[in-house]
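Undergrad: output the structure for:
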Amino acid sequence: MEQYFSATQKMEQEVMFPSLLRGVFPEQDGAAPATGSRTDLYERYQLLKAIKPMVEKGLACVTDQSPTSAHADTETCSDHHGAMDAQLEERLSHHLAGLQQVLTHLTRDTNALTRRYSQILEQITPSEGQPS
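TA: Residues are numbered from 1 along each chain as shown. Reported below is the predicted structural model:
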């Protein structure tokens, strides 16, 4: 989770002119394009920026829920709760694995976009060591 937030923060700090990403498509090694679509890096940048608040909001909603409010009367059906707990643990494990895959994919795409933006800037601006 921290890697994802770090990558998106770096992207937001480095990409000062997102319009430079228009018409630039991701390279195969960094971020493979979605199957069946040819979205440029500008569209991907917009998507990554739109996803970040949703992830932050979703994480805040999960951490704000109190575990004590879920079951007020735990002593009446302890066997039932034991089975429910095992099922919930399995479901949680499944969803966390999926979330980890999504965050890994988003982090990879965000880092690739940031690298590509830096390459574009290097092509546009001459380095300080070269005479103009």
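Undergrad: and Lys49, what pLDDT?
TA: pLDDT for Lys49: 92.
Undergrad: grab the nearest non-local neighbour of it.
TA: Nearest non-adjacent residue to Lys49, counting by C-beta to C-beta, 6 or more residues apart in numbering: Glu12, 7.2 Å away. For glycine as for every other residue, the C-beta is placed from the backbone atoms N, C-alpha and C.
Undergrad: measure that neighbour to Ser93 for me?
TA: Applying C-beta to C-beta, to the nearest Å, the value for Glu12 to Ser93 is 32 Å.
Undergrad: and these two? Which one has more around it.
TA: More crowded of Glu12 and Ser93, by other C-beta atoms under 10 Å: Glu12, with 16 against 10.
Undergrad: just the C-alphas of the strand or helix carrying that one, formatted as CSV.
TA: Assigned by DSSP states H and E, Glu12 belongs to helix 2-14. C-alpha atoms of helix 2-14 as CSV (Å, rounded to 0.1, in the frame of the first residue of the first chain):
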residue,chain,number,x,y,z
GLU,A,2,2.8,2.4,0.9
GLN,A,3,4.6,1.7,-2.4
TYR,A,4,1.5,2.6,-4.3
PHE,A,5,1.0,5.9,-2.4
SER,A,6,4.7,6.7,-2.7
ALA,A,7,4.6,6.0,-6.5
THR,A,8,1.5,8.2,-7.0
GLN,A,9,2.9,11.0,-4.9
LYS,A,10,6.1,10.9,-6.9
MET,A,11,4.1,10.9,-10.2
GLU,A,12,2.0,13.9,-9.1
GLN,A,13,5.2,15.8,-8.1
GLU,A,14,7.1,15.1,-11.3
